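Chemist: this is a predicted model, with the sequence first.
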2 protein chains.
Amino acid sequence: MAREMVRQGGRSARIQSEVHRTVQDLLKTMDRGEITVPMIAEKSGVTPSTIYRRWGDLSELLADVAVARMRPVADPEDTGAMGSDLETFILQYAEEMSSKVGRSMLADVLGSMEGAAAGRCCQFTYDHLETLRERALTRGETGFDVNEAIDSIVAPIIYHILFGDRELTTDYCRSLVSRFLEKCAGA
Amino acid sequence: MAREMVRQGGRSARIQSEVHRTVQDLLKTMDRGEITVPMIAEKSGVTPSTIYRRWGDLSELLADVAVARMRPVADPEDTGAMGSDLETFILQYAEEMSSKVGRSMLADVLGSMEGAAAGRCCQFTYDHLETLRERALTRGETGFDVNEAIDSIVAPIIYHILFGDRELTTDYCRSLVSRFLEKCAGA
DNA sequence: ACCTTAACGCAAATTTTTAGCGTTAGCCGG
DNA sequence: CCGGCTAACGCTAAAAATTTGCGTTAAGGT
């Protein structure tokens, strides 16, 4: 009976969605460094203390919102072949992540040490790639190693976005994908 | 005369080093989330307002300290051959970055949007690799492409540290290096 | 319908951050 | 070596954010 009860319906859920929506609205208007908890509280009609008690601090709240935004709503597009599936997905991924909101989400997710926000978020990517792999196998294609795809394609993209050391062009992303596919075929 | 004068000697420099040293001391003792500006101010004997005026906010200060700590004091060790040079450097790099203080520094550096802290920090890595490359060429070895080394070796390591999705074993790092070297030889 | 208690709102207390203003001390030309 | 100029600092008060105590509301189970 007296188990740990995490309420998920009714008022609590409504407040969560109110706050999340407010944060997303604010992120469109202003820079992340200018957003404050009292500001979110007023716009969403929720008391500041509630936000502090529930999320701890601003960075945790932002990370929570970012993870929610990154959570995919659908499987990656099926283009009929593994190569084009992978390229389509990666190009869209790079596009989203390198955008202003994408970089903001990345920073928020990585900025929270508590609650494995980063872990959950990269799990989304893993799952998508796993979906592409299974789809390829179903078609009778050779498939690919998801972990190696992350190392060869995803990791460099994220690295350059985070450190801003290189321009992330479409051609570059495409070359990462094609070189990975060649390596798969060769092995 | 009335040029932008950024004073670098005397009092200003002393305060900077005092604050930096205090932050580093605090980071050994406590978690980053518990450190506050007033706390640093008291321990270092500097007024809070000075810290705020000079660094803006806590995350900028932490990023500044992190970059200073990451700044290498010496060139990577010369082991006599490119392969072992690269492996030695990468293993040490992975060791440092995956440690508690390393992850903390990464988070701090990536958490600051202003002043390209992230850029400067990844430049260190680039320079080290460039040093290894030139050293190899001097020896008469084939050398390697620094950008590709970052994509193939450094990026995956950083990715897994940041997202915590996989254990970063020595064997894994070694395999990244050896596969990169094989790829170089084959091309 | 009732009970238990997680989660909220309110408001006071505390802490952190900002801003005004006078003072100290680098750096420069003479 | 001697001022003059001003970047950078210290101090203090005001503003803003965060924490905390306590009463109230409303999920979820019996």
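Modeler: Looks like it arrived, so ask away.

Chemist: what's the following helix or strand after the lengthiest helix in chain A?
Modeler: Across chain A, the longest stretch assigned as helix under DSSP state H is helix A:117-139. Using DSSP states H and E, the helix or strand that follows helix A:117-139 in sequence is helix A:146-149.

Chemist: circling back: which positions within the longest helix of chain A qualify as buried?
Modeler: Within helix A:117-139, the residues that count as buried by 16 or more other Cβ atoms under 10 Å in any protein chain shown are A:117-118, A:120-123, A:125-126, A:128-129, A:131-133, A:135-136. Just so you know, the C-beta spots here come from the backbone N, C-alpha and C atoms, and that holds for glycine as well.

Chemist: got the CA coordinates for it in CSV?
Modeler: Output of helix A:117-139 as CSV, limited to C-alpha atoms (Å, rounded to 0.1, in the frame of the first residue of the first chain):
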residue,chain,number,x,y,z
ALA,A,117,18.6,12.9,-19.2
ALA,A,118,21.5,12.4,-21.5
GLY,A,119,21.2,8.6,-21.4
ARG,A,120,17.5,8.6,-22.2
CYS,A,121,18.0,11.0,-25.0
CYS,A,122,20.7,9.1,-26.8
GLN,A,123,18.6,6.0,-26.3
PHE,A,124,16.2,7.5,-28.8
THR,A,125,18.9,7.7,-31.4
TYR,A,126,19.9,4.1,-30.7
ASP,A,127,16.3,2.9,-31.0
HIS,A,128,15.9,4.6,-34.3
LEU,A,129,19.0,3.1,-35.7
GLU,A,130,17.9,-0.3,-34.4
THR,A,131,14.6,0.1,-36.2
LEU,A,132,16.5,0.8,-39.4
ARG,A,133,18.6,-2.2,-38.9
GLU,A,134,15.7,-4.6,-38.3
ARG,A,135,13.9,-3.1,-41.3
ALA,A,136,17.0,-3.8,-43.4
LEU,A,137,17.2,-7.4,-42.2
THR,A,138,13.5,-7.9,-42.9
ARG,A,139,14.2,-6.8,-46.5
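
Chemist: sketch out the low-pLDDT regions of chain A for me.
Modeler: Residues of chain A that meet the criterion pLDDT under 70 lie in A:1-7, A:9, A:187.

Chemist: so which residue is dead centre in it?
Modeler: The C-alpha lying nearest the average C-alpha coordinate of chain A belongs to A:M70 (Cα atoms, centre = their mean; 3.5 Å).

Chemist: so that residue is in contact with A:D108, correct?
Modeler: No. The pair A:M70 and A:D108 fails to qualify as a contact (Cβ atoms under 8 Å) at a distance of 9.9 Å.

Chemist: contacts for the helix or strand hosting A:L181, please.
Modeler: Using DSSP H and E, the element containing A:L181 is helix A:170-186. For helix A:170-186, the external contacting residues (Cβ atoms under 8 Å, 6 or more residues apart in numbering or on different chains) are A:82-83, A:86-87, A:90-91, A:94, A:142, A:144-145, A:148-149, A:152-153, A:156-157, A:166, B:151.
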